[in-house]
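Asker: Sequence and computational prediction follow.
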Amino acid sequence: MSISKGDTVHWKTSQGKTTGTAVEKKTKEFQHDGQKFKASDDEPYWIVESEKSGSKAAHKESTLEKD
């Protein structure tokens, strides 16, 4: 599974499945909303925008599923 910018993806939350759009792939350490994330080529993160709330969050690529 390869995710690309603009893809619709979903992930699991305590409230169930959430859907959003892949906005930006990160492969180096970065900060988002005051939190540090250790992304790498082997374990990339994506900034995703929630379809429901419009808020953005960082998720490991391995936790996202492409729709």
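Answerer: Received, thanks. A quick note: this is a predicted structure, and the numbers were derived from the prediction, not measured. Residues are numbered from 1 along each chain as shown.
Asker: all strands of the chain, in order?
Answerer: Across the chain, reading from the start of the chain, the strands by DSSP state E fall at 8-13, 16-26, 30-32, 35-37, 45-50, 56-60, 65-66.
Asker: What about residue 33, how many residues nearby?
Answerer: Around residue 33 there are 8 other residues, counting by other Cβ atoms under 10 Å. Every residue, glycine included, has its C-beta placed from N, CA and C.
Asker: now residue 23
Answerer: Taking other Cβ under 10 Å as the neighbour definition, residue 23 ends up with a count of 13.
Asker: so who does the nearest residue to it once chain neighbours are set aside touch?
Answerer: Take residue 23 and drop its neighbours on the chain: the residue closest to it by Cβ to Cβ, 6 or more residues apart in numbering is residue 47, 4.6 Å away. With Cβ atoms under 8 Å, 6 or more residues apart in numbering as the criterion, the residues that contact residue 47 are 22, 23, 24, 26, 32, 56, 57, 58.
Asker: likewise residue 67?
Answerer: Taking Cβ under 8 Å, 6+ apart as the definition of contact, the neighbours of residue 67 are 7, 8, 9, 10, 19.
Asker: about what we covered before: how about the contacts of residue 47 in a markdown table, adding pLDDT and distance to residue 41?
Answerer: Supplementary listing: the contacts of residue 47 in a markdown table, determined by pLDDT from 0 to 100; distance: Cβ to Cβ, whole Å:
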| residue | pLDDT | distance to residue 41 |
| --- | --- | --- |
| 22 | 98 | 17 |
| 23 | 98 | 19 |
| 24 | 98 | 15 |
| 26 | 98 | 11 |
| 32 | 97 | 18 |
| 56 | 97 | 22 |
| 57 | 96 | 21 |
| 58 | 97 | 16 |
